[in-house]
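Peer 1: Okay, structure incoming, though there's no sequence with it:
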């Protein structure tokens with residue numbers, strides 16, 4: 001299987017080159033696509049310094065979700081590696097660690113855990129909004145129109161929904177030397193904070209807050225199914241699907257841990273469902289039009 005690498009970039013001229021210096025020369029990446037999302041700086045020029053990198057430009061800034069859809073539509077290969085354009089400290093070994101579990105058949109999806117991921121994500125061992133992933137192209141190519149209709153940010157949360165629905169095995173690549181540039185670094189404190197909050201608002205438009213919480217638990221459960229083979233063990237890419245452990249007891253323990261995590265997620269979902277129904281009942285009693293006027297998707301938010 002070959003990998004297409006997609007990097008979405010908006011005004012990332014000062015940072016993109018460091019990522020491409022690694023990705024454009026990596027033997028596991030058959031093609032690298034940079035989607036310039038209407039940048040006003042030298043992002044396109046930075047990408048074109050690397051021979052073989054395909055550059056696709058949006059005339060106007062449309063947001064990461066739309067840029068990702070453009071990259072997926074252009075990709076030629078069965079696997080996709082998604083990378084953010086503002087990574088610092090990226091090494092060839094990090095690319096290998098992210099790709100290896102999927103290439104080896106040990107996992108369906110691989111997600112990075114960066115050194116400066118939020119402390120809570122590092123504590124639980126999974127960053128559910130990480131932008132660095134390896135997935136099968138079909139996970140996203142089948143829903144391109146939906147991706148284009150997403151808010152500017154939120155494509156990772158949308159992707160998580162599909163990973164969970166498909167019960168795909170998740171691996172985590174621990175990138176202990178890689179960080180991501182914060183928006184406050186790039187834009188200044190106040191502009192950066194406003195940008196961060198706009199991104200959070202977009203996430204909540206894609207998934208309700210309780211669902212954002214349960215996504216972490218559900219992804220952790222899917223990760224446990226992989227038998228903890230994903231903790232930066234540098235799998236050889238030729239290795240077939242790995243065993244879950246050295247004995248049946250280890251397998252049973254991992255499955256038990258996964259089942260408990262799924263039970264926690266289901267309990268949180270039921271709690272959210274009960275709260276939604278209670279809220280809807282109260283609103284209906286106060287005004288017949290209350291539910292119809294509630295903001296959000298036209299579908300039932302409790303579903």
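Peer 2: Structure's in. What do you need? Everything quoted here is computed from the prediction, not taken from an experiment.
Peer 1: any idea of the mean pLDDT in stretch 138-156?
Peer 2: Stretch 138-156 carries an average pLDDT of 92.
Peer 1: Only the buried residues of it, if you could.
Peer 2: Across stretch 138-156, burial judged by 16 or more other C-beta atoms under 10 Å covers 139, 140, 143, 147, 148, 150, 151, 152, 153, 154, 155, 156. In this view, the C-beta of every residue, glycine as well, is placed from N, C-alpha and C.
Peer 1: Of those residues, which pair is most distant in space?
Peer 2: Maximum pairwise distance among the buried residues of stretch 138-156 (C-beta to C-beta): 20.6 Å, between 139 and 152.
Peer 1: which one of the buried residues of stretch 138-156 is nearest residue 162?
Peer 2: Each of those was scored against residue 162 by C-beta to C-beta, and residue 139 proved nearest at 5.7 Å.
Peer 1: wait, what's in contact with that closest one?
Peer 2: The contact partners of residue 139, by C-beta atoms under 8 Å, 6 or more residues apart in numbering, come to 109, 159, 162, 163, 166, 168.
Peer 1: The first one bridge partners, please.
Peer 2: Spelled out, that is residue 109. Under DSSP bridges, the beta-bridge partners of residue 109 are residue 170.
Peer 1: for the protein, what helix or strand is lowest in average pLDDT?
Peer 2: Lowest by mean pLDDT, DSSP states H and E among the helices and strands of the chain is helix 248-286, with a mean of 42.
Peer 1: circling back to that earlier point, select only the buried ones of the contacts of residue 139 in ChimeraX?
Peer 2: Buried residues within these, by 16+ other C-beta under 10 Å, are selected in ChimeraX with:
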select :109,159,162,163,168
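Peer 1: Please flag which of the contacts of residue 139 sit within helices.
Peer 2: If you go by DSSP state H, the contacts of residue 139 have 159, 162, 163 in helices.
Peer 1: which of the residues you listed lies closest to residue 49?
Peer 2: Nearest to residue 49, judged by C-beta to C-beta, of the ones in helices among the contacts of residue 139 is residue 159 at 29.9 Å.
Peer 1: Which stretches in the chain count as strands?
Peer 2: Here the chain has its strands, by DSSP state E, at 3-9, 29-37, 54-58, 79-84, 87-88, 109-114, 133-136, 170-175, 179-180.
Peer 1: With distance to residue 218 as added columns, please give these in TSV.
Peer 2: Shown next, in TSV, are the strands of the chain (distance: least, C-beta to C-beta, whole Å):
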stretch	distance to residue 218
strand 3-9	25
strand 29-37	29
strand 54-58	33
strand 79-84	20
strand 87-88	26
strand 109-114	13
strand 133-136	16
strand 170-175	10
strand 179-180	24
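Peer 1: Which of these comes out lowest on mean pLDDT?
Peer 2: Among these, strand 179-180 scores lowest, at a mean of 90.
Peer 1: can you list the residues that contact it?
Peer 2: Residues from elsewhere that reach strand 179-180 (C-beta under 8 Å, 6+ apart): 84, 86, 87, 88, 89, 114, 115, 116, 131.
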